[in-house]
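*Asks:* fold the following and give me the result.
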Amino acid sequence: MAEARFCNDQFRCAVCLELLKGPVTIPCGHSYCMSCIKRCWNQEDQKRIYSCPQCRQTFSPRPALNKNTMLAEVVEQLKKTKLSAAVPALFYAGPGDVECDVCTGRKHKAVKSCLVCLNSFCQNHIEQHENLFKGKRHNLIDATGHLQKMICRKHEKLRDIFCCTDQSCICMLCMVDEHKNHEVVSTAAERTEKQKHLGETQRKYQQQIKQRKKKLHELKEAVKNYKRSAQTAVLNSEMIFNQLINSIKRRRSEVTQMIRDQEKNEVSRAEGLMKQLEKEIDQMSLINAKLEQIPQTPDHIHFLQSYLSLPVPPGPPDVPKITERSFDIEKSVTLKSVTRLRQKLEDFCTEEIKKLSSQVRCIQIISPPGHVIKKKLFFASIKQQILEEKQYFPTQRETNYFTEERPSARSALSLGVRAVL
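*Replies:* Numbering: from 1, shown residues only. Below is the predicted model of the structure:
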């Protein structure tokens with residue numbers, strides 16, 4: 001390879017880098033294409049000094065250019081050698097090609113197959129085959145890789161007969177052996193007959209393909225609309241549940257405020273009584289202190305005067321009775337009322353979610369056997385019911401491809417929660 005490349009480079013023009021065309025040799029000994037060196041020297045006409053593009057040796061006047069006949073013959077022979085070396089590679093069998101059965105070593109690509117010899121031949125060997133069997137009726141076809149399938153494995157003969165009884169291709173020996181007394185025709189005749197039905201079969205296939213493409217398109221649209229509608233239903237249900245949560249929060253705030261108001265009122269009443277009792281205790285403590293001092297008075301008259309000036313002893317404190325439930329507000333409110341409310345809400349939600357779950361499962365893209373896909377969307381009917389109840393939902397355009405159901409689970413859920421609360 002290195003020697004061939006070296007040889008080629010020796011005959012390349014230093015200007016265009018191609019093999020020499022009309023080679024000329026200038027006085028310094030270098031060779032160029034005649035057109036290339038003329039073009040270079042034409043650019044130096046004004047200076048009247050001409051140089052070699054490789055060694056830069058100058059010449060004056062302009063040298064005459066004559067074709068180097070010997071060099072031209074060598075270059076022409078080199079071109080033919082390269083072409084003859086490249087052409088055979090085009091005829092070697094590659095992946096997917098049918099190989100010649102006669103070639104040894106690297107096989108050439110077959111161009112014809114003989115149905116009599118049961119072999120495939122390259123261009124060279126098919127010419128030998130034609131010369132050898134000239135005048136004989138050998139049936140040649142374009143090279144095929146299915147030649148072995150066309151041969152009977154048992155008798156190694158071409159299966160050129162069609163058995164109508166067993167609907168299979170057989171050879172001549174099979175016809176007189178296993179297929180004796182069967183209805184047989186030539187493969188060519190059977191092909192002609194089968195080809196009549198092929199158009200109808202193809203038409204049916206094309207029709208089925210068209211129908212399936214239509215169904216595929218409808219199914220894709222149904223899936224797209226189902227996803228869009230499901231997303232709308234999710235957004236709507238989230239909105240309802242957010243409203244439900246806000247309603248529960250509002251009720252929670254109301255209950256909390258109610259408890260706080262009651263707490264404030266009762267504590268205010270109790271604090272008023274506490275102040276009154278504290279005031280009475282202070283007054284009675286002063287009187288009690290005087291009572292402790294009176295016995296210590298040595299003067300009888302002063303003692304009697306002090307005793308007679310004492311106020312009448314007060315009766316029991318005028319305070320309402322403290323109830324037994326005054327310390328039981330957390331049990332009476334939280335554990336009973338709110339717990340009962342929570343239980344009712346959970347029971348109601350559980351029941352309604354069960355109903356909703358069974359209804360959602362009825363929404364199908366593909367109808368079960370015996371049912372027809374109805375083009376009205378379940379989620380749209382729910383949305384309409386909620387709108388009728390004056391609940392706000394964002395308007396969205398929907399195309400319906402699904403089973404029609406008209407449950408009122410969400411409507412009932414929102415109404416029921418309001419009823420419970």
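*Asks:* okay, and Val312 sits in which element?
*Replies:* Under DSSP states H and E, no helix or strand contains Val312.
*Asks:* per-residue pLDDT, it?
*Replies:* The model reports Val312 with a pLDDT of 81.
*Asks:* can you give me phi and psi for it?
*Replies:* phi -70, psi 130 (degrees, to the nearest 10).
*Asks:* so how far is Gln305 from it?
*Replies:* 17 Å (C-beta to C-beta, to the nearest Å). Just so you know, the C-beta spots here come from the backbone N, C-alpha and C atoms, and that holds for glycine as well.
*Asks:* more neighbours, those two?
*Replies:* Legend: neighbour count by other C-beta atoms under 10 Å for Val312 and Gln305, higher for Gln305 (12 against 5).
*Asks:* the more buried one sits in which helix or strand?
*Replies:* Assigned by DSSP H and E, Gln305 falls in helix 300-308.
*Asks:* send the alpha carbons of that helix over as CSV?
*Replies:* Extracted C-alpha coordinates of helix 300-308, given in CSV (Å, rounded to 0.1, in the frame of the first residue of the first chain):
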residue,chain,number,x,y,z
HIS,A,300,-67.4,48.5,131.4
ILE,A,301,-69.3,51.4,129.9
HIS,A,302,-67.1,51.6,126.8
PHE,A,303,-67.4,47.8,126.4
LEU,A,304,-71.1,48.0,126.4
GLN,A,305,-71.2,50.9,124.1
SER,A,306,-68.9,49.1,121.7
TYR,A,307,-70.9,45.9,121.9
LEU,A,308,-74.2,47.7,121.2
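*Asks:* how far away from the center of its chain is it?
*Replies:* Using C-alpha atoms, centre = their mean, to the nearest Å, the mean C-alpha position of helix 300-308 is found 110 Å from that of the whole chain.
*Asks:* just the buried positions in that helix, please.
*Replies:* Within helix 300-308, the residues scored as buried using 16 or more other C-beta atoms under 10 Å are Ser306.
*Asks:* same check, this time on stretch 158-175
*Replies:* Quick answer for stretch 158-175 (16+ other C-beta under 10 Å): 158-163, 169-171, 174.
*Asks:* take these and keep only those in helices.
*Replies:* In this view, the buried residues of stretch 158-175 that belong to helices under DSSP state H are Cys174.
*Asks:* tabulate the buried residues of stretch 158-175 in CSV, adding columns for pLDDT and distance to Ala233.
*Replies:* What follows is those, written out as CSV (pLDDT from 0 to 100; distance: C-beta to C-beta, whole Å):
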residue, pLDDT, distance to Ala233
Leu158, 82, 68
Arg159, 83, 64
Asp160, 85, 67
Ile161, 90, 67
Phe162, 92, 62
Cys163, 92, 63
Cys169, 90, 61
Ile170, 90, 65
Cys171, 89, 68
Cys174, 90, 68
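*Asks:* can I see the domain layout of this protein?
*Replies:* Split into domains by automatic domain parsing, the chain comes to 2-90, 199-314+336-420.
*Asks:* now distance to Cys122 too, for these, in JSON lines please.
*Replies:* Below are these laid out as JSON lines (distance: least, C-beta to C-beta, whole Å):
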{"stretch": "domain 2-90", "distance to Cys122": "11"}
{"stretch": "domain 199-314+336-420", "distance to Cys122": "36"}
